[in-house]
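Please find the sequence and the predicted model below.
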Amino acid sequence: LITLLLVLGSSHLALADVIEVDPAGNADADTIAGGLLLAADGDVVDVRSGHYLESVTVPPGVTLRAADSAVVRIIGAVWSEPAVTLSASSTLDGVTVYGGGPGLSYLWAGDGGPEGLLITDVLIEASYGAGLQVQGAPAGAAGLDLSLRRSEILRPAGAGVDLDLTPTSGPGGVNSTVAI
């Protein structure tokens, strides 16, 4: 019985929820921020076609992606803040990020484990700062694994990619891999 509970319990943990976002209101949420509020580590937030005027934070371990053949444009709501802020082990896939200062941002938390970010098929356009900004390398961080695949950064006001892996305290920033 104990073995059965452990097997059932562990298989339940492996299941990810898919949360759907539709600006027309025909889904779990009508805003990306609303969909992300429903998401937990391992979940996928599928976004249907539309223009979304909002600034969002992708929680740790969550995938934010355009639904099949959807055209998704996230327009930063505040010019001086990131349009999209990524968290540890999050994924961004198939969307356009417009505006924001920077367009995409990641503040390296450094909880002691390696942190991975995957950005695939993303267009970052006309940001008021860097297109993609990664900041900090906390003491004790095991490393950062950042992959930027099949993505473009067009017309940023600042650097296209701004990687500041200077330790915020202590040695930090060891064993980091950046693949662009």
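Looks like it arrived, so ask away. Just so we're clear, the structure is a prediction, and the values are computed from it rather than from any experiment.

And for the closest residue in space to residue 16 that isn't next to it in sequence, the neighbour number?
Spatial nearest neighbour of residue 16, chain neighbours left out: residue 42 (4.5 Å); criterion: CB to CB, 6 or more residues apart in numbering. No exception for glycine: its C-beta is placed from N, CA and C like everyone else's. Using other CB atoms under 10 Å, residue 42 is surrounded by 15 other residues.

Can you read off the pLDDT for residue 42?
With respect to pLDDT, residue 42 has a value of 95.

Check residue 56 too.
At residue 56, pLDDT is 96.

Starting from residue 31, give me the distance back to it.
Distance of residue 56 to residue 31, computed by CB to CB, to the nearest Å: 8 Å.

Show me which of those two is the more surrounded one.
Shown here are residue 56 and residue 31; by other CB under 10 Å, residue 56 has more neighbours (24 against 17).

Just the pLDDT at residue 10, thanks.
39.

try the one 10 residues further on
Note for residue 20: predicted pLDDT of 98.

Helix, strand, or coil at it?
strand (DSSP: H, G, I helix; E, B strand; the rest coil).

which one is it nearest to, not counting chain neighbours?
Residue 20 sits nearest to residue 27 (CB to CB, 6+ apart), 3.7 Å away.

Likewise for residue 115?
residue 88 (4.4 Å).

for residue 63, same thing?
Residue 63's closest residue in space is residue 91 (CB to CB, 6+ apart), at 4.1 Å.

ok, the one you found - contacts?
Contact analysis of residue 91 by CB atoms under 8 Å, 6 or more residues apart in numbering lists 58, 62, 63, 64, 65, 117, 118, 119, 120.

surely the second one meets residue 45?
In other words, residue 62. Yes: counting by CB atoms under 8 Å, residue 62 sits close enough to residue 45 to count as a contact (6.4 Å).

Could you list which residues are in contact with residue 30?
21, 22, 23, 24.

same thing but 10 Å
Applying CB atoms under 10 Å, 6 or more residues apart in numbering, one finds that residue 30 lies in contact with 21, 22, 23, 24, 48, 50, 52.

Just the buried subset of these, please.
Among the contacts of residue 30, those classed as buried by 16 or more other CB atoms under 10 Å are 21, 22, 23, 48, 50, 52.

which one of these sits closest to residue 78?
residue 52 (13.8 Å; CB to CB).

how about that closest one, secondary structure?
strand.

can I assume it is in contact with residue 45?
No: applying CB atoms under 10 Å as the test, residue 52 and residue 45 come out as separate, 11.6 Å apart.

Having no further points to raise, I will conclude here.
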